[in-house]
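next one to model:
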Amino acid sequence: MHRVVIAGAGFGGIATAVALRQTMGPSEIEIVLVDRRAEFLMGLRKTWAVLGIAPLEDGQRPISGLRDIEFVQAEIESIDPTGHALTAGGREIGGDALVVALGARHALDAVPGLAEHGINVWDAQETERARAALMEPHLRRLAIGIFGMPYACPPGPFEMALLARDRLGPEVQVTVFGPAPIALPAVGPVESAKLERMLDEAGIAFLSGRQAVSVGSGEVSFADGSATAFDVLLAVPPHLCPQVLVDAGLADAGGWVRPDRSTLETNRAGVYAVGDSTLITLANGLALPKAGVIAASQGEVAAARIADTLAGRAPTATYAGDAFCYVETGHGRAAMAAGDFYAQPVPAVTISEPTAQQLEDKRQFERSHLAAWFGY
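Modelled structure (predicted):
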């Protein structure tokens, strides 16, 4: 009997586990999925919850509900890549292969004052606090800040700004800022300009090239000496690789896990890495975006390669760099960014015009994935 251990039950970890189970039956392989959380949450629900569009709960499922997959709810304390093992809740769990899908950790303490004066809207635990802040009658200046690169779901802050403008009305000034010179560097200036035009047409100020250095009461200060004022600050905090992966030697201090971009194999035999804890460099020198749909595709590739290896076959599955993402723009519509991030010499990704059908497609994306993984 083979065993595969998967660290992390986000998009990448669950996609890996489900794909493995679909390929190999319970009599062939044990699949052990480990995460400190009891429930999986569709990430798109966070923005909907903050803006009062839809509740978190409808996009949550108990991880223990995954069929024929052993779920261990515990904090992962250490990882042993050589032994394809981890220790969680005092229990050592090893196998024939290990998949690392731990996502990124949020480092609010990297920017002085951010934890005290900002709300981390990339944390599901903070959505109610953010929602309450947006309902305050004194709100006149809303700032949505990107405090570091790379971060999960690159279009997300801009989507939140567009939806906030739609929900809050013209009396609230909406500003979005970040350190990058354009909104979406990975898609290039031409396609990024489409999103920037949407912001401009909605009356949203976009402050590019602004690296925040500190946050005070009602003001964010930038490295260039400028500042922006706010009544409410919704923050995308700096993202870092989980320390347990650095301690295991899978990532350098201050860096990320760097798997093969096609096979997702790390430099340790039998160890794969998918999703937000990884860094894959594109032809233009930028990073492959951190996004759930990418993590899921990578997880399916890792699962196929593991299944082939355990069956004594030469693995052939590869991740080709294709991805898509829906960007809600308000007024019941969504745009779609889609294409090939591995294209040469630059990614071949386009952003479509917003339509009502694409918003429905986004909702269907959530429904279909939850049903495929959890049965409902």
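
Phe40: which element?
Assigning secondary structure by DSSP states H and E places Phe40 in strand 39-41.

quick one: Phe324 is in a strand?
Yes. The assignment for Phe324 by DSSP: H, G, I helix; E, B strand; the rest coil puts it in a strand.

domain parsing of this structure, as residue ranges.
2-104+241-322, 106-239 (automatic domain parsing).

between the two ends of the last one, how far is it?
This points to domain 106-239. Across domain 106-239, the terminal residues are separated by 5 Å (Cα to Cα, to the nearest Å).

how far does it sit from its chain's centre?
Put simply, domain 106-239 sits 17 Å off its chain's centre (Cα atoms, centre = their mean, to the nearest Å).

do the same with the longest one
For domain 2-104+241-322, the separation from the chain centroid amounts to 13 Å (computed by Cα atoms, centre = their mean).

quick one: average confidence on it?
Per-region confidence: domain 2-104+241-322 scores 97 on mean pLDDT.

what segments of the protein are helices?
Taking DSSP state H to define them, one finds helices in the chain at 11-23, 44-50, 114-117, 127-134, 156-168, 189-201, 243-247, 292-310, 356-374.

let's have those in TSV, adding distance to Val72 and mean neighbour count.
C-betas here are computed from N, CA, C, even on glycine. TSV is the format used below for those (distance: least, Cβ to Cβ, whole Å; neighbours: other Cβ atoms under 10 Å):
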stretch	distance to Val72	mean neighbour count
helix 11-23	12	24
helix 44-50	24	22
helix 114-117	30	17
helix 127-134	27	17
helix 156-168	30	22
helix 189-201	40	16
helix 243-247	15	17
helix 292-310	18	23
helix 356-374	18	15
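
and stretch 201-221, which residues are buried?
Neighbour counts over stretch 201-221 (16 or more other Cβ atoms under 10 Å) mark 202, 204, 206, 210-213, 215, 220-221 as buried.

on that earlier part again, export the domains of the chain to TSV and append columns for distance to Met336.
Formatted as TSV, the domains of the chain follow (distance: least, Cβ to Cβ, whole Å):
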stretch	distance to Met336
domain 2-104+241-322	11
domain 106-239	10
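
quick one: which of these is nearest Ala334?
Each of these was scored for nearness to Ala334 using Cβ to Cβ, and the closest is domain 106-239 (8.5 Å).

who does the residue most central in space within the chain bridge with?
The chain has Ala152 as the residue nearest its centroid, 3.7 Å off, counting by Cα atoms, centre = their mean. In this entry, Ala152 is beta-bridged to Lys290, by DSSP bridges.

in contact with it, which residues?
The contact partners of Ala152, taken as Cβ atoms under 8 Å, 6 or more residues apart in numbering, are 43, 103-104, 122, 239, 276, 290-291.

out of these, who's the most crowded?
Asp276 (29 neighbours; other Cβ atoms under 10 Å).

which residue is the nearest non-sequential neighbour of Gln173?
Arg141 (5.0 Å; Cβ to Cβ, 6 or more residues apart in numbering).

try Val346
Sequence neighbours aside, Asn284 is the residue nearest to Val346 in space, at 4.7 Å (criterion: Cβ to Cβ, 6+ apart).

avg pLDDT for stretch 112-120?
98.

contacting residues around it?
Contacts of stretch 112-120 (Cβ under 8 Å, 6+ apart): 106, 108-109, 126, 129-130, 133, 145, 147, 212-218, 232-237.

what's the end-to-end length of that stretch?
14 Å.

hmm, back to that, just put the contacts of Ala152 in JSON lines and tack on distance to Ile76.
Formatted as JSON lines, the contacts of Ala152 follow (distance: Cβ to Cβ, whole Å):
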{"residue": "Gly43", "distance to Ile76": "20"}
{"residue": "Gly103", "distance to Ile76": "12"}
{"residue": "Ala104", "distance to Ile76": "14"}
{"residue": "Trp122", "distance to Ile76": "20"}
{"residue": "His239", "distance to Ile76": "18"}
{"residue": "Asp276", "distance to Ile76": "15"}
{"residue": "Lys290", "distance to Ile76": "19"}
{"residue": "Ala291", "distance to Ile76": "23"}
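
look up how far Ala143 lies from Asp231.
To Ala143, Asp231 is 8 Å away according to Cβ to Cβ, to the nearest Å.

just Asp166 next, same as before
17 Å.

contacts only, for the residue nearest to Val346.
Contacts of Asn284 (Cβ under 8 Å, 6+ apart): 186, 188, 345-347.

now Val244
Going by Cβ under 8 Å, 6+ apart, the list of residues near Val244 reads 76-79, 102.

what do you get if the cut-off is 10 Å, keeping everything else the same?
Contacts for Val244 (Cβ atoms under 10 Å, 6 or more residues apart in numbering) come out as 7, 75-79, 86-88, 100, 102, 105, 250-251, 277.
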